[in-house]
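1. Got a predicted structure plus its sequence, pasted below:
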2 protein chains.
Amino acid sequence: MMMVRKSKGLGERHEKILDFIASFQREHKHPPSIREIGLHCDISSTSVVNYYLDQLEKSGHLERDRKISRGMRLTGNTPLGDMLRVPMAGVIQAGEPIQVPANDSFGSFTPDDSVEIATSLMPAREKGKELFALKVQGDSMIDAMVNDGDIIILKPAQDARNGDMVAVWLSDRNETTLKFFYKEKDKYRLQPANPTMKPIIIDKNESLEIKGKVVMVIRKVERQN
Amino acid sequence: MMMVRKSKGLGERHEKILDFIASFQREHKHPPSIREIGLHCDISSTSVVNYYLDQLEKSGHLERDRKISRGMRLTGNTPLGDMLRVPMAGVIQAGEPIQVPANDSFGSFTPDDSVEIATSLMPAREKGKELFALKVQGDSMIDAMVNDGDIIILKPAQDARNGDMVAVWLSDRNETTLKFFYKEKDKYRLQPANPTMKPIIIDKNESLEIKGKVVMVIRKVERQN
DNA sequence: CTTGACACAGAACAGGCGTTCGAGTATCAT
DNA sequence: ATGATACTCGAACGCCTGTTCTGTGTCAAG
């Protein structure tokens, strides 16, 4: 009969080690040694650290270069050094609602498509764990200065403060759009990023679903035509 | 009297070591050891490698974590791992020509302002050595889907192929602009990125200076207002 | 010629570090 | 009880690696 794992995937210690490697890497610019991991994760024996490292490698959270000092690196969307890996959740287009990824904090991080961003580019200290990316399909967001093929990085959110750029789903109009958000008395004002264009006014009784705040827009300029 | 260095800054061996560290890092995801450097750079003694590493550290091309295995990392705009550091050359605004940085391949790489991009984001294999970044000032490029505050990454170029997005300086009109470039008989057609806007037609006798090809546009979305 | 800075080689040292092995403990199903 | 599985510990082994010291040859300045 199969054994039932205590906590399905990652144990407390696994996460502690993973977190320590990430923070150590950020601080020292290179991975920790086995002994340093043990020291900071309350593991007294190097063999135990090695034991967990092996498991983390098998589960795909880690890569190891055997025999080489500090030869380990994190995989997945964990901030690695000064890099941030943001999962590509899908596409965003005018006629369809957005798929916000489930909050699977860890677990099956399928490294299918992902976007790598230098942390130095991140506006605020968006911790990163929560970010996700969408690829824009179609020309419907040009009033938000977003083109077909652009990649937008956003942070999940159900509400927004005035001035935030948000991705909203207007079910009454069957429309997904990117706009600057302003709450005014009895209505919402959705202001296009393009200053020459006029805002959309939404009554409070109309449904307005905020899906996330836009943090960044990236456009790879390929040759047109 | 002051000694005159053979080649001013970097010797042949310095560059060889620098190149090796970069390529090794790309391949193995971690820096080489002193002995590995010596082996691939035809240096038989570890002390000599150490000797050059010290110099490279003093000249700022390298950072070292003493006592730590493979504890070195490249600085500057050298591709480090999967990162690319692009120098920020200045601002681009409608009324003024662009400052294209001089081709100082190495030398005084003042790490003043620079933008870090993951190589995985780079469209083609833009080698990177030639790229530079500009910050957009003003709303004059909205027809190119580029907003105030955006960062554009571009590659120096004097000419362009049809379909390239280029930064051009129209001295007759005293205007800098970003457009898709098309050469037609007796004229140039500059097509805005926004498909709802009409192209600018430039006669062949009007002056048109191509400054560079746009490779990427990055927008950090801060809270407006 | 002497001096000294510079580039280089080789060897030895000492500590860092991954690896391995033997052994012990706890929990749980059989 | 019994065995299997998961987890933990401590110690020792041995390679890997940065550091240091001594010595050699070159070359330009004094």
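-> Done, it's in.
2. Could you list the low-pLDDT ranges of chain A?
-> Within chain A, the stretches with pLDDT under 70 are A:1-10, A:76-82, A:94-112, A:123-129, A:224-225.
3. Need the residue closest to the centroid of it.
-> Most central in chain A under C-alpha atoms, centre = their mean is A:Leu131, positioned 2.4 Å from the mean C-alpha point.
4. Excluding residues flanking it in the chain, which one is nearest that residue?
-> Leaving aside its chain neighbours, A:Leu131 sits nearest to A:Val86 (4.8 Å; criterion: C-beta to C-beta, 6 or more residues apart in numbering or on different chains). For glycine as for every other residue, the C-beta is placed from the backbone atoms N, C-alpha and C.
5. Run through the neighbouring helices and strands of the helix or strand that that neighbour is a member of.
-> According to DSSP states H and E, A:Val86 maps onto strand A:83-92. Contacting strand A:83-92 under the criterion 3 or more C-beta pairs under 8 Å, 6 or more residues apart in numbering or on different chains; DSSP states H and E are the following elements: strand A:114-118, strand A:132-136, strand A:151-156.
6. Which one of those strands lies nearest to chain B?
-> Among the helices and strands packed on strand A:83-92, the nearest to chain B by C-beta to the nearest C-beta is strand A:114-118 (3.5 Å).
7. Packing partners of that closest one?
-> So strand A:114-118, by 3+ C-beta pairs under 8 Å, 6+ apart, packs with strand A:83-92, strand A:151-156, strand A:209-220, strand B:114-118.
8. repeat that with 7 Å
-> Under the contact criterion of 3 or more C-beta pairs under 7 Å, 6 or more residues apart in numbering or on different chains; DSSP states H and E, strand A:114-118 touches strand A:83-92, strand B:114-118.
9. about what we covered before: format the helices and strands packed on strand A:83-92 as a markdown table; extra columns: distance to A:Met145.
-> A markdown table is the format used below for the helices and strands packed on strand A:83-92 (distance: least, C-beta to C-beta, whole Å):
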| stretch | distance to A:Met145 |
| --- | --- |
| strand A:114-118 | 19 |
| strand A:132-136 | 11 |
| strand A:151-156 | 11 |
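10. quick check: domain ranges of chain A?
-> Using automatic domain parsing, the domain parsing of chain A gives A:12-74, A:83-98+A:111-218.
11. and B:Arg219, which of those domains is closest to it?
-> B:Arg219 lies closest to domain A:83-98+A:111-218 among the domains of chain A, at 4.1 Å (C-beta to C-beta).
12. what about the closest one, how long is it end to end?
-> Terminal residues of domain A:83-98+A:111-218 lie 16 Å apart, using C-alpha to C-alpha, to the nearest Å.
13. do the same with stretch A:62-75
-> By C-alpha to C-alpha, one end of stretch A:62-75 lies 6 Å from the other end.
14. how about that stretch, does it reach chain B?
-> Yes - on the criterion C-beta under 7 Å from any C-beta of the partner chain, stretch A:62-75 is in touch with chain B at A:65, A:68-71, A:73.
15. residue boundaries of the helices in chain A?
-> A:12-28, A:34-40, A:46-58 (DSSP state H).
16. want to throw these into CSV with distance to DNA strand C?
-> Below are the helices of chain A laid out as CSV (distance: least, C-beta to the nearest atom of the strand, whole Å):
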stretch, distance to DNA strand C
helix A:12-28, 10
helix A:34-40, 3
helix A:46-58, 3
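17. still on that earlier bit, tell me the angle the strand holding A:Val86 makes with strand B:114-118.
-> Going by axes from the mean of the first three to the mean of the last three C-alpha atoms, to 10 degrees, strand A:83-92 is angled at 70 degrees with respect to strand B:114-118.
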